[in-house]
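In: Below: sequence and its predicted model.
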Amino acid sequence: MSVSVRLIRKLEVLQPELRDIFITLLEELEKNRQETVTKKEFNELKGIVKDLAEAQKRTEQRINDLAEAQKSTVQRVNELAEAQKRTEQRLNELAEAQKRTEQRLNELAEAQKRTEQRLNELAEAQKKTEQRLNELAEAQKRTEQRLNELAEAQKKTETEIRKLTGSLRRTREEVGGISRTIAYALENEAFRRLPRLLKDRFDIEVTDRMIRAEIGGEEINLFAKAKKNGEEIVLLGEAVLRLDDLSKLRKINRKIEVAEKEFIQKVFPIIVTHFAKKRVLEKAQDAGYIVIQSF
């Protein structure tokens, strides 16, 4: 078969399947040419071959474009694969987060269950509290009623106390009057009997009449001038029904102090009483008092 070198070179760039088709076609054409082909037909065949070469060129360009596109596609696929990998990782993270969320929801559901149970308990407790408050309110009502009754009773009691106070005041006045009467009787008896008793027991001689007196603003029940062993002295005494309180000794002692400032003579304290408690009597005697009991 007579084929130009140029055509052979162009055929070599074709794909094997396409190249075999062209070679087979050329062989068939050569066979036909030998039999009937003309120059015109050969030129037409060359045009066809040229067109096929151009088509091959465009096919190769398209293949190159497709290869470049394939390269871009592979790169995009790799990027998508990496993105898919990140997506799967994110999905795993979200799945884990979802798992934690579900666990948290379960915990919250359990907590809600406990809260509802607690609310039920509080509601029951509130019910009991309200019942207790109602009972207390009723008790308060009874208490107020009782207080009103007590207030009324207190009012009556105060009225009775005022009456009793008046009666007690009158009784005290009467007792005071009786006490003063007895005290005066005791003093009068002392005025009559003391001089001789003092002479007999204590060798004290009363030189003036025994009287009641006021010295330095203090009332003196028994006062007299006297002598003891030739020495002039002052007798100063108090007549009390009962010598049972140390405050009475302090009262008498105050009167003695006043008298000692008024007189230069020695003051002899005397107490005349119906009854003296042992403790008070011993205190008076230790202080130098002459205590004379009426019996």
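Out: Yep, it's here.
In: Over to Ala226. Which of the three states is it?
Out: Here Ala226 is recorded as strand under DSSP: H, G, I helix; E, B strand; the rest coil.
In: which residues touch it?
Out: 198, 204-208, 232-235, 268 (CB atoms under 8 Å, 6 or more residues apart in numbering). Heads up, the C-betas are built off the backbone N, CA and C, glycines and all.
In: and if we set it to 7 Å?
Out: 204-207, 233, 235 (CB atoms under 7 Å, 6 or more residues apart in numbering).
In: just for the stretch 1-150 of the chain, where's the confidence low?
Out: For the stretch 1-150 of the chain, applying pLDDT under 70 flags the ranges 1-14, 29-30, 32-46, 49, 52.
In: Quick one: the strands in it, in order.
Out: In the stretch 1-150 of the chain, no strands are defined using DSSP state E, counting those that start in this stretch.
In: Measure how far stretch 75-95 is from the centre of its chain, please.
Out: 58 Å (CA atoms, centre = their mean, to the nearest Å).
In: So that it lines up with my notes, have the first residue be 3 from now on.
Out: Sure, I'll start numbering at 3, so the last one becomes stretch 77-97.
In: Give the bridge partners for the nearest residue to Lys257 once chain neighbours are set aside, please.
Out: The spatial neighbour of Lys257 that comes closest, neighbours along the chain excluded (CB to CB, 6 or more residues apart in numbering), is Glu220 at 4.8 Å. As for beta bridges, Glu220 partners with Ile217 under DSSP bridges.
In: Any quick ChimeraX command for the buried ones out of the contacts of Ala228?
Out: Of the contacts of Ala228, the buried ones go into a single ChimeraX selection, burial set by 16 or more other CB atoms under 10 Å:
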select :206,208,235,237
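In: which one among the contacts of Ala228 gets closest to Ala83?
Out: Leu237 (139.2 Å; CB to CB).
In: I'd like to know how many residues surround the residue nearest to Lys257.
Out: For Glu220, the count of nearby residues is 16 (other CB atoms under 10 Å).
In: could I get the contacts of Ala228 as TSV with pLDDT?
Out: TSV is the format used below for these (pLDDT from 0 to 100):
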residue	pLDDT
Ile206	88
Glu207	88
Val208	87
Thr209	88
Ile235	88
Leu237	86
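In: which one of the contacts of Ala228 is nearest Arg120?
Out: Leu237 (93.7 Å).
In: contacting residues around the closest one?
Out: The neighbours of Leu237, taking CB under 7 Å, 6+ apart as the test, are 208, 224-226, 228, 270, 272.
In: Mind doing that once more with 6 Å?
Out: Leu237 makes contact with 226, 228, 270, 272, according to CB atoms under 6 Å, 6 or more residues apart in numbering.
In: do Gln128 as well
Out: So Gln128 contacts nothing (CB under 6 Å, 6+ apart).
In: circling back: gap between the residue nearest to Lys257 and Ala241?
Out: Using CB to CB, to the nearest Å, Glu220 is found at 15 Å from Ala241.
In: And for Arg144?
Out: Distance from Arg144 to Ala241, by CB to CB: 60 Å.
In: Which of these two has more residues huddled nearby?
Out: Remark: of Arg144 and Ala241, Ala241 carries more neighbours, 24 against 10, as counted by other CB under 10 Å.
In: Quick check on that one: phi, psi?
Out: phi -100, psi 120 (degrees, to the nearest 10).
In: Look up how far Lys129 lies from it.
Out: For Ala241, the distance to Lys129 - CB to CB - is 80 Å.
In: What's the separation between Gln257 and Val282?
Out: Check again: residue 257 is Lys, not Gln. 17 Å.
In: Equivalent analysis for Gln119, please.
Out: Counting by CB to CB, the gap from Gln119 to Val282 is 79 Å.
In: Likewise for Ala261?
Out: Distance, Ala261 to Val282, using CB to CB: 21 Å.
In: I'd like to know how many residues surround Arg78.
Out: Arg78 - counted by other CB under 10 Å - has 12 other residues nearby.
In: What are the buried residues along stretch 63-79?
Out: For stretch 63-79, it's none, nothing buried (16+ other CB under 10 Å).
In: can you give me the helices in this protein?
Out: Using DSSP state H, the helices found in the chain span residues 7-14, 18-37, 41-204, 248-264, 280-288.
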